[in-house]
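Asks: structure here, sequence nowhere to be found:
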């Protein structure tokens, strides 16, 4: 059975869900990066290399906040990654609210 017209999410709601999903995926990726860096994961490992490679474009703008020098394979606290997570979370919340701004609230 398909969804009736009344059960399908509105365009705004669908857009908000997509934004939230993408934001959560990005935050999970950055959380993996943070934990791997904190534990000094071996960058030659395929999973660690994948996470580092995929996440670097998102955290690179924040590296210079604290004078951070990238060094993989040693335990380090990446404060820039934590800041990036906070910034991307705020952007995601802001975009969802912006998309839903004209939607009336149901009481």
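Replies: Arrived safely, thanks for sending. Note that this is a predicted model, so its numbers are computed, not measured. Numbers count the residues shown, from 1 in each chain.
Asks: can you point me to the longest helix in the protein?
Replies: The helix that spans the most residues within the chain, counting by DSSP state H, is helix 11-39.
Asks: ok, now which ones touch residue 62?
Replies: 80-81, 83-84, 87 (CB atoms under 8 Å, 6 or more residues apart in numbering). From N, CA and C alone the C-beta is placed, and that goes for glycine too.
Asks: so which of those residues sit within helices?
Replies: Residues of the contacts of residue 62 located in helices (DSSP H): 80-81, 83-84, 87.
Asks: in a markdown table: those, plus pLDDT and neighbour count.
Replies: Putting the ones in helices among the contacts of residue 62 into a markdown table (pLDDT from 0 to 100; neighbours: other CB atoms under 10 Å) gives the following:
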| residue | pLDDT | neighbour count |
| --- | --- | --- |
| 80 | 92 | 20 |
| 81 | 94 | 22 |
| 83 | 96 | 16 |
| 84 | 97 | 24 |
| 87 | 97 | 13 |
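Asks: let's have these in a markdown table, adding distance to residue 46.
Replies: Below are these laid out as a markdown table (distance: CB to CB, whole Å):
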| residue | distance to residue 46 |
| --- | --- |
| 80 | 24 |
| 81 | 20 |
| 83 | 27 |
| 84 | 23 |
| 87 | 28 |
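Asks: for residue 93, which non-adjacent residue is closest in space?
Replies: Closest residue to residue 93 apart from its sequence neighbours, by CB to CB, 6 or more residues apart in numbering: residue 23 at 7.9 Å.
Asks: mind listing what that neighbour touches?
Replies: Per CB under 8 Å, 6+ apart, neighbours of residue 23: 88-89, 91-93, 95.
Asks: tell me the one of those residues nearest residue 50?
Replies: Proximity of the contacts of residue 23 to residue 50 (CB to CB) peaks at residue 88, which lies at 19.1 Å.
Asks: check what pLDDT residue 104 gets.
Replies: At residue 104, the model reports a pLDDT of 64.
Asks: actually residue 101, sorry about that
Replies: Residue 101 is given a pLDDT of 86.
Asks: alright, calling it a day.
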